[in-house]
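**Q** Have a look at this fold, sequence not included:
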């Protein structure tokens, strides 16, 4: 077996992906990171893991290592409340640099973890979503055998999307943003198990959208999370999202770091995040936790 090259191994999903990776699956697992301090020490202690210190755009430093690798798993991304240019620098240009280096090195397969936001029809000021969409275009044009994975909201301790929702659910008066917008959250460990399963099948140059087994709404998810946290049904108020997005975008120019979320993140509440999974994939992927099960894991067991 050849080696695996993983980016974003120090992140919310990446750390779990590496912990769950069987030690005998690959000859070597190379982890690209900007510093050793960001990595999970338990992962670095494994004999099959090698750390590569480099920026995603610095392909000259990690390019030679790709020649040893059969497959690339590209998890690295800028999320949260970054400056717009940073999304495109890392998420788009960084992906292009990795694709170019992978092609030159003879990498056979490329697994790209994108986002359901890449398909949003209405996402004003959501530069993260646009950067992911452009990165997907680069993957399609790369000439490599690829699989693009678009997860919905990934729920788990330490995850940015969940932490934002948890802060809302903790408020004494619960603001229902996008109350009728449908979502299909997936628990982080279930998502990682799906990624491992996808590594076992042929890459067919396709995009796979992954969500959990249940469809709910933002409002229902927030109310259930609030109930589990407080033991009683919350007081709620409906908040119209669409007129708030341009106002928040204006404020971002002066006080981005002080705002609880970005205009783009708020725009996500305007879009359904449900998936259409082919029947063949439904039987190939592992079972997943329900909404109630994942909420109990992140709230009751905190």
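**A** Thanks, I have the structure now. This structure is a prediction, so every number in the text was calculated from the model and none was measured.
**Q** Could you look up the SS state of residue 191?
**A** helix (DSSP: H, G, I helix; E, B strand; the rest coil).
**Q** Relative to residue 118, how far out is it?
**A** For residue 191, the distance to residue 118 (Cβ to Cβ, to the nearest Å) stands at 16 Å. Backbone N, C-alpha and C define where each C-beta goes, glycine included.
**Q** who's more crowded, those two?
**A** residue 191 (25 against 21; other Cβ atoms under 10 Å).
**Q** Tell me the predicted confidence for that one.
**A** Listed pLDDT for residue 191 reads 96.
**Q** what does residue 196 give?
**A** The model's pLDDT for residue 196 equals 93.
**Q** So it lies in a helix, does it not?
**A** Yes. Applying three-state DSSP, one finds residue 196 inside a helix.
**Q** Nearest residue to it in space, please, no chain neighbours.
**A** Among residues not flanking residue 196 along the chain, residue 20 sits closest, at 6.4 Å (Cβ to Cβ, 6 or more residues apart in numbering).
**Q** Just give me the neighbour total for residue 63.
**A** With other Cβ under 10 Å as criterion, residue 63 counts 17.
**Q** And what about it, helix, strand or coil?
**A** Reduced to three states by three-state DSSP, residue 63 is helix.
**Q** tell me the contacts of it?
**A** Contacts for residue 63 (Cβ atoms under 8 Å, 6 or more residues apart in numbering) come out as 101, 104, 105.
**Q** Could you measure from it over to residue 32?
**A** 11 Å.
**Q** And residue 210, by the same measure?
**A** From residue 210 to residue 32 the distance is 23 Å (Cβ to Cβ).
**Q** of those two, who's got more company?
**A** Counted by other Cβ under 10 Å, residue 210 and residue 32 do not tie: residue 32 has more neighbours, with 27 against 23.
**Q** Please, which helix or strand holds the more buried one?
**A** Here residue 32 sits within strand 29-33, counting by DSSP states H and E.
**Q** same for the helix or strand following that strand, what does it pack against?
**A** As assigned by DSSP H and E, the chain's next helix or strand after strand 29-33 is helix 41-44. When contacts are defined as 3 or more Cβ pairs under 8 Å, 6 or more residues apart in numbering; DSSP states H and E, helix 41-44 packs onto helix 12-19.
**Q** for residue 236, which residues make a bridge with it?
**A** residue 174 (DSSP bridges).
**Q** Next, the contact list for it, please.
**A** Here residue 236 is in contact with 173, 174, 175, 176, 219, 223 (Cβ under 8 Å, 6+ apart).
**Q** For PyMOL, write the select line for the buried members of the residues you listed.
**A** A single PyMOL command selects the buried members of the contacts of residue 236 (16 or more other Cβ atoms under 10 Å):
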select buried, resi 174+176+219+223
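**Q** what's the closest of the contacts of residue 236 to residue 151?
**A** residue 219 (21.2 Å; Cβ to Cβ).
**Q** how about the nearest residue to that closest one, chain neighbours excluded?
**A** That would be residue 179: by Cβ to Cβ, 6+ apart, it lies 3.7 Å from residue 219.
**Q** give the contact list for that neighbour.
**A** Residue 179 neighbours (Cβ under 8 Å, 6+ apart): 217, 218, 219, 238.
**Q** now with 10 Å?
**A** For residue 179, the contact set (Cβ atoms under 10 Å, 6 or more residues apart in numbering) comprises 217, 218, 219, 220, 222, 223, 236, 238, 239, 240, 241, 269.
**Q** Starting from residue 124, give me the distance back to the first one.
**A** Using Cβ to Cβ, one gets 21 Å for the distance from residue 217 to residue 124.
**Q** same question, the third one
**A** Look at residue 219 and residue 124: by Cβ to Cβ, they are 22 Å apart.
**Q** cool, and the fifth one?
**A** The spacing between residue 222 and residue 124, counted by Cβ to Cβ, is 23 Å.
**Q** Looking at these two, which is more packed in?
**A** residue 222 (24 against 14).
**Q** And that one, its phi and psi?
**A** Main-chain torsions, residue 222, degrees, to the nearest 10: phi -70, psi -40.
**Q** I'd say it and residue 174 touch.
**A** Yes. Assessed by Cβ atoms under 10 Å, residue 222 is found in contact with residue 174 at 5.9 Å.
**Q** hey, what's in contact with both of the two?
**A** 168, 234, 236.
**Q** which of these has the weakest pLDDT?
**A** Lowest pLDDT among those: residue 168, 84.
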